[in-house]
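Engineer: build me a model from this:
(chains A and B)
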Amino acid sequence: MTVRAGVFAFTSCEGCSLITLEVEDRLLEILGRVEFVNFREAIDDKSDDYDIAFIDGAITREHEVGELMKIRERAAILVAMGACAVQGGLYFLKEYHEPGETLAYVYGDKAGQFDTMPVRPVSQYVKVDHSLYGCPIDKREFVEVVTALLSGRRPNIPDYPVCNECRMSENICVFERGLACMGPVTRAGCGAICPSRHVGCFGCRGMVDKPALDQHRAVLTERGLTEEEITARYRMFNGHWGSAHEKP
Amino acid sequence: MKNLDIKVEHVTRVEGHGNIVVKVRDGRVEDARLDIVESPRFFEVMLQGRSWQEASWITSRICGICAVTHSTASLKATEDAFGIVPSAQTVLLRKLLLDGEYIQSHVLHVYFLVAPDLLGVGSVVPLAGTHIEVVRMALRLKKLGNDLCALVGGRHVHPVAMKVNGFTSLPEPAGLASARERLVAARADLDATVELFKTLRIPAFTRETEYLSLKGVDEYPLYDGDMMSSDGYVFKPRGYLESIKETVVPPSSAKHVAARRDSYMVGALARFNNNHGLLHKRAKAVADAVGLSAPCHNPFMINVAQLVETVHCVEHAAETIDMLLGSGMSVEVSDVRPIAGRGVGVVEAPRGTLYHDYTYGADGMITGANCIIPTGQNLANIEADMQGILPGLLGGTEADVAQTLKMLVRAYDPCISCATHSIEVVFDRG
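Structural biologist: A predicted model of the protein is given here:
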């Protein structure tokens, strides 16, 4: 069976779109089963007839909402792809600044000619069937989702924290290195790539379904982080999630 | 053809959203624009109030294709602000990462985005049907670039191991040795690519312009150096604001960048024109074989220059690995003490010169930021080329004119997400 797919980029760096081409070992095999019919970054075709839509990016402008809704109507399955699409991602950082000041800083006296609206994840506007987490997405997980959809089963996406994968890799906990880490509350699936490189997790894959937030904050406080530092860490990739849950 | 109106919405096979708009009346070109309709993201604002440890993590996300270069420019800006000079080992590892990024970025562009035009097919998908060996070769080369980035930086899109004044962890020597073997083996694929390029017909069009790039001393410059212009002047990275100017130009409101002329070019061809004498001898031989010689004023030859640079980066990466393995790598203490002040980091990204400029408070928090992106610098030059090439095309059909213009825009390898890291351009539909 082959399926028709589209890759659509909204407000993003298009890194996640690029990852779909970075599965070099499997690309020809995937292209044999998935026919990309609308993927501006890679091909000329712009068909409106597709089964699966992969959405790369957050929604930050009015016209993007309309385009997203049209895509939702056409696609049987919609996959939010990457931190921007799934949880608003890094771009939500601009929401902590006054909108007027944001525009003025970039456009100076021409600020009045521009507009932007609050950064929102795709799920704010349409039903999302599956999510590919991370900034950027993990190429193995992309292959897993494509394979699962082709065989009509649910993709196998972890709902346990990065800590589990980190321990499996036999890493020394980065807390022992004196670093802050979002691993205890962040959804696994990245292979703990950052802690394995001695970098504290920034939480790019979003939270597990039931994060132990109080315990996590307590650990970070115990390790000497101030309230401001903890909040900054939480805001990096989970600002929208945090606002929606009024915490932090 | 006396009158012509062309509007190509969302040009395909480029990174980001851009529209081509052309208006010809009585044989006179009244308008020829590349409008950027990408959503703005306000990175300069997002950086404010964030700490020096996070700056490169945030700005890496400006671009998924040249994340390594953004991280590098960011780290250099912070180091410049704090008066830090990174170790020779750190610099070698960063240069190796840049080689990896150039290989993957240039291969993606030349094979996946441009070659379909030159081979007469719509995209890489039909290309897999008509030229499967070319596609396999491209995938091997691209994977080599990605794997090199992953080996040193943890991954290619948004590297994790790069930090201010060092690396969070070092690559395994065995991994570097095996990467070196693959780099040497890649020569065969590159030789085959050169043979393929000899058969391609590159459109003939020349328009002399100003070419800006880093200036090399003893090495083809990607990582550092002063800035130089083909017009014969140089300037220090820290003084870039005195030499290049960003302007918002209503109604299209593109922040165009210019130096001493109305427009200039950055990227592979500008680097080649300014520094060709410093290329690896294998890259020089390839340039000769495919007919690229400096100074070259044909923007379509940017793609040939990208192939020449790919050959250079493959050889440079192998030599860099030899140096790292020869001297032996060691875990270095990375001492960073924030001080208040401003720092500028300039790097050659695959698409051209990239500037990051940060101002820090004494607490190591960013209080001001400015990033100037290669594609933003090329926009005025692309439009000048469009105006230059159009009169010679008016004898053809509208479809032919549009196709040539799309190829011209694509030749520059525009990275529109990058260019709209902060800028929004209002599309004039009037």
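
Engineer: any residue of stretch A:15-33 touching chain B?
Structural biologist: Yes: contact between stretch A:15-33 and chain B, assessed by Cβ under 8 Å from any Cβ of the partner chain, occurs at A:15, A:16, A:17, A:18, A:19, A:21, A:22, A:24, A:25, A:27, A:28, A:31. Where you see a C-beta, it was placed from the backbone N, CA and C, and this is true even at glycine.

Engineer: and that stretch, average pLDDT?
Structural biologist: Averaging pLDDT along stretch A:15-33 yields 81.

Engineer: contacts only, for residue 60.
Structural biologist: In the absence of a named chain, this looks at chain A. Neighbouring residues of residue A:60 by Cβ atoms under 8 Å, 6 or more residues apart in numbering or on different chains: A:10, A:11, A:91, A:116, A:117, A:118, A:119, A:120, B:39, B:40, B:41.

Engineer: you looked at the wrong chain, it should be chain B
Structural biologist: Contacts of residue B:60 by Cβ under 8 Å, 6+ apart are B:67, B:70, B:71, B:74, B:158, B:159.

Engineer: packing partners for the helix or strand where the third one lies?
Structural biologist: Element membership for residue B:71 (DSSP states H and E) is helix B:67-82. Using 3 or more Cβ pairs under 8 Å, 6 or more residues apart in numbering or on different chains; DSSP states H and E as the contact definition, the elements that helix B:67-82 packs against are helix B:55-59, helix B:88-107, helix B:132-153, strand B:162-163, strand B:341-349, strand B:352-360.

Engineer: these: lowest mean pLDDT?
Structural biologist: What stands lowest among those, in mean pLDDT terms, is helix B:132-153, with a mean of 92.

Engineer: next, the angle from the helix holding residue B:71 to helix B:132-153.
Structural biologist: Following axes from the mean of the first three to the mean of the last three Cα atoms, to 10 degrees, one obtains 30 degrees for the angle between helix B:67-82 and helix B:132-153.

Engineer: quick check: angle from helix B:67-82 to strand B:341-349?
Structural biologist: Counting by the same axes, to 10 degrees, helix B:67-82 lies at 150 degrees to strand B:341-349.

Engineer: and helix B:67-82, how far out from the chain middle?
Structural biologist: Counting by Cα atoms, centre = their mean, to the nearest Å, helix B:67-82 is centred 16 Å from the centre of its parent chain.

Engineer: next: stretch B:378-392.
Structural biologist: Worked out by Cα atoms, centre = their mean, stretch B:378-392 lies 20 Å from the chain centre.

Engineer: got it, and stretch B:346-366?
Structural biologist: On Cα atoms, centre = their mean, the centre of stretch B:346-366 falls 16 Å from the chain's centre.

Engineer: again, but for stretch B:90-98
Structural biologist: That offset, for stretch B:90-98, works out to 17 Å (Cα atoms, centre = their mean).

Engineer: may I have that stretch as PDB, with CA atoms only?
Structural biologist: Extracted in PDB, the C-alpha atoms of stretch B:90-98 (Å, rounded to 0.1, in the frame of the first residue of the first chain):
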ATOM      1  CA  THR B  90      38.100  23.900  20.000                       C
ATOM      2  CA  VAL B  91      38.700  25.900  16.800                       C
ATOM      3  CA  LEU B  92      39.700  22.700  14.900                       C
ATOM      4  CA  LEU B  93      36.600  20.900  16.100                       C
ATOM      5  CA  ARG B  94      34.400  23.800  15.100                       C
ATOM      6  CA  LYS B  95      36.000  23.900  11.700                       C
ATOM      7  CA  LEU B  96      35.400  20.200  11.300                       C
ATOM      8  CA  LEU B  97      31.700  20.800  12.100                       C
ATOM      9  CA  LEU B  98      31.500  23.600   9.500                       C
END
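
Engineer: so what touches it?
Structural biologist: B:68-69, B:72, B:75, B:86, B:148-149, B:152-153, B:159, B:162, B:165-167, B:170-171, B:222-223, B:313, B:316-317, B:320-321, B:323-324, B:332, B:347-348.

Engineer: and the helices and strands packed on helix B:67-82 as JSON lines, adding mean neighbour count?
Structural biologist: Putting these into JSON lines (neighbours: other Cβ atoms under 10 Å in any protein chain shown) gives the following:
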{"stretch": "helix B:55-59", "mean neighbour count": "24"}
{"stretch": "helix B:88-107", "mean neighbour count": "24"}
{"stretch": "helix B:132-153", "mean neighbour count": "21"}
{"stretch": "strand B:162-163", "mean neighbour count": "24"}
{"stretch": "strand B:341-349", "mean neighbour count": "23"}
{"stretch": "strand B:352-360", "mean neighbour count": "25"}
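
Engineer: redo the ones you listed as TSV? Include distance to residue B:187.
Structural biologist: Below are the helices and strands packed on helix B:67-82 laid out as TSV (distance: least, Cβ to Cβ, whole Å):
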stretch	distance to residue B:187
helix B:55-59	33
helix B:88-107	13
helix B:132-153	11
strand B:162-163	28
strand B:341-349	23
strand B:352-360	27
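
Engineer: would you map the strands across the stretch 151-300 of chain B?
Structural biologist: Taking DSSP state E, counting those that start in this stretch, the strands of the stretch 151-300 of chain B run over residues B:162-163, B:166-167, B:210-214, B:227-229, B:234-235, B:245-249, B:254-258, B:264-265.

Engineer: buried deepest among those, which one?
Structural biologist: strand B:264-265 (a mean of 26; mean count of other Cβ atoms under 10 Å in any protein chain shown).

Engineer: for it, name the packing helices and strands.
Structural biologist: Strand B:264-265 packs on strand B:210-214, helix B:374-393, going by 3+ Cβ pairs under 8 Å, 6+ apart.

Engineer: mean pLDDT lowest where, among these?
Structural biologist: When these are compared on mean pLDDT, helix B:374-393 scores lowest, with a mean of 93.

Engineer: mind listing what's buried along the helix or strand following that helix?
Structural biologist: Sequence-wise, the next helix or strand downstream of helix B:374-393 (DSSP H and E) is helix B:398-411. Within helix B:398-411, the residues scored as buried using 16 or more other Cβ atoms under 10 Å in any protein chain shown are B:401, B:402, B:404, B:405, B:406, B:407, B:408, B:409, B:410, B:411.
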